[in-house]
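Q: Provide a 3D model corresponding to the input given below.
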Amino acid sequence: MIKLCKEDTSCFIGGNTLEGIEAFNWDNNYQELKSNCPTLTSLLVSALTSKWSVKTLSFATRQHNSIKLVLGCLTPVILYNRRPRVLNNFQQLNSLQLRLAGCKREVFARFSHLGLCTGLFSTRSTIDRIRKNYNADVYEWKKKSFRLPPATTRI
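A: Residues are numbered from 1 along each chain as shown. Below you'll find the predicted structure:
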């Protein structure tokens, strides 16, 4: 757990750009958790599976559902409580989804206390960070296409 919290290239680190957010992957989270926190992973797997379903990583009661999604939700909450300003990728994704759904301030306040999302102001700053470079290509095109030719002087 300590190794995972100190890494600079972890997939649990918050995505500061649109590409970082788009790179979110449940399988990558599970593989990184399995390699860096084997004890925590085996503890959670043994709590969620039975001896028949452990080979397929499915629930004890619902054999067709994978537990990778549940592990992908439980472990970011644990890591967020350890280093909330850095390991907040999952919470940023949830906050963006809540904002897009039009949730009220109370939902943000209650879910952020549970560690499921970031606060409302943090969500706004995440949206601003994403939007900052969103139109960069358009602005570059505009600068190139509307550049005036050099003025000619008549004698």
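
Q: in this protein, spot the helix with the most residues.
A: The longest helix of the chain (DSSP state H) is helix 68-82.

Q: list the buried residues of that helix.
A: By neighbour count on 16 or more other C-beta atoms under 10 Å, the buried set for helix 68-82 is 68, 71-72, 74-76, 79-80. Just so you know, the C-beta spots here come from the backbone N, C-alpha and C atoms, and that holds for glycine as well.

Q: tell me which residues in the helix or strand that residue 122 is a member of are buried?
A: In this assignment (DSSP states H and E), residue 122 forms part of helix 120-132. The neighbour-count check on helix 120-132 (16+ other C-beta under 10 Å) flags 120, 122-123, 126, 129-130 as buried.

Q: closest one of those residues to residue 29?
A: Residue 29 lies nearest to residue 126 out of these, by C-beta to C-beta, at 18.8 Å.

Q: what sits against the closest one?
A: Contact analysis of residue 126 by C-beta atoms under 8 Å, 6 or more residues apart in numbering lists 14, 92, 95-96, 118.

Q: can you pick the most crowded of the residues you listed?
A: residue 118 (27 neighbours; other C-beta atoms under 10 Å).

Q: just the CA atoms of the very next helix or strand once past the longest helix of the chain, as PDB, please.
A: Where DSSP H and E defines the elements, the next helix or strand beyond helix 68-82 is helix 89-101. Extracted in PDB, the C-alpha atoms of helix 89-101 (Å, rounded to 0.1, in the frame of the first residue of the first chain):
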ATOM      1  CA  ASN A  89      -8.800   9.600 -10.200                       C
ATOM      2  CA  PHE A  90     -11.900   7.500  -9.400                       C
ATOM      3  CA  GLN A  91     -13.400  10.300  -7.300                       C
ATOM      4  CA  GLN A  92     -12.800  12.800 -10.100                       C
ATOM      5  CA  LEU A  93     -14.600  10.500 -12.600                       C
ATOM      6  CA  ASN A  94     -17.500  10.100 -10.200                       C
ATOM      7  CA  SER A  95     -17.700  13.900  -9.600                       C
ATOM      8  CA  LEU A  96     -17.800  14.600 -13.300                       C
ATOM      9  CA  GLN A  97     -20.600  12.000 -13.800                       C
ATOM     10  CA  LEU A  98     -22.600  13.600 -10.900                       C
ATOM     11  CA  ARG A  99     -22.000  17.100 -12.400                       C
ATOM     12  CA  LEU A 100     -23.200  16.000 -15.800                       C
ATOM     13  CA  ALA A 101     -26.300  14.400 -14.200                       C
END
